[in-house]
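>>> Could you look at this predicted model? Sequence included:
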Amino acid sequence: MLTSRIWHIYHDIGSTACLAGDCDIAAKMFTQAIEICSNRSMQRNKVKSLIGLADTLVMQKQAAEATRTYKRALNIFARIGAPEHADKRMLAHVLEKLGYLYEQEDRQEDAIKMLQRSVRVSEQIIGAKHPSLVHRLLKIASLHIRFNETEESMACFNRVQEIRSLTNEHPLALPADAVAVDEPDLLQAAEIGATPPLQLDRARTTAQAFP
């Protein structure tokens, strides 16, 4: 009980510092919180703090260390599973972030796999038509384009259009730290001439939604 309370103190201070932009303090607090979680009953707490630390490392542009930290969290999920919705949300977050980091490392195939896994996990919680899936689907589509995988890319774009048609809210209103899909990739998709064709103006409109 005492250990859990101490963990909460370190983790909460780390979260507050991270939100305030004080990454150095956040990293120290999350590291302390992780070190406390030595027994099996606190593995989910450890995952939370690993994610907090990895997110902080991303803010500090320490991509390699962030990747290692997200993978530590992923390895714990492999052991304990993700039966609850809260677990699945964390797992989807880890997979998504690893996808973006792998893309930065020019590991495009690994990026696609991670983002696809993230989408599948999120679908278990929010369904296959939720607007929050749009950004990841567009990123997957743009990665497929780089491999000239037209059919796979168009499948993602078609899903995006279906989601957009089913929601009254604009599904491309994304968090400020979201990684943008490259406009050239989107415009290239419009010029591929797949069936059904993706109109250039539609692709350009989609691209402009990502500043």
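Nice, thanks for sending it over.
>>> Sticking with the residue nearest to the spatial centre of the chain, tell me its helix or strand.
Central residue of the chain (CA atoms, centre = their mean): residue 96, 2.5 Å from the mean position. For residue 96, the host element (DSSP states H and E) is helix 85-104.
>>> Next SSE downstream of that helix?
Using DSSP H and E, the helix or strand that follows helix 85-104 in sequence is helix 108-126.
>>> Can you point out the buried residues in that next one?
Judged by neighbour count using 16 or more other CB atoms under 10 Å, the buried positions of helix 108-126 are 111, 112, 113, 114, 115, 116, 117, 118, 119, 121, 122, 125. C-beta here means a position set from N, CA and C on the backbone, and glycine is covered the same way.
>>> Kindly export that helix (C-alpha atoms) in PDB.
C-alpha atoms of helix 108-126 as PDB (Å, rounded to 0.1, in the frame of the first residue of the first chain):
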ATOM      1  CA  GLN A 108       8.600   1.900 -43.100                       C
ATOM      2  CA  GLU A 109       7.400  -1.700 -43.000                       C
ATOM      3  CA  ASP A 110       7.700  -1.800 -39.200                       C
ATOM      4  CA  ALA A 111       5.900   1.500 -39.000                       C
ATOM      5  CA  ILE A 112       3.000   0.100 -41.000                       C
ATOM      6  CA  LYS A 113       2.800  -3.000 -38.800                       C
ATOM      7  CA  MET A 114       2.700  -1.000 -35.600                       C
ATOM      8  CA  LEU A 115       0.100   1.500 -36.800                       C
ATOM      9  CA  GLN A 116      -2.100  -1.300 -38.100                       C
ATOM     10  CA  ARG A 117      -1.900  -3.100 -34.700                       C
ATOM     11  CA  SER A 118      -2.700   0.200 -33.000                       C
ATOM     12  CA  VAL A 119      -5.800   0.600 -35.200                       C
ATOM     13  CA  ARG A 120      -6.900  -3.000 -34.500                       C
ATOM     14  CA  VAL A 121      -6.500  -2.500 -30.700                       C
ATOM     15  CA  SER A 122      -8.400   0.800 -30.800                       C
ATOM     16  CA  GLU A 123     -11.200  -0.800 -32.800                       C
ATOM     17  CA  GLN A 124     -11.800  -3.200 -29.900                       C
ATOM     18  CA  ILE A 125     -12.700  -0.200 -27.700                       C
ATOM     19  CA  ILE A 126     -14.200   2.400 -30.000                       C
END
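>>> Sweet, I'm off.
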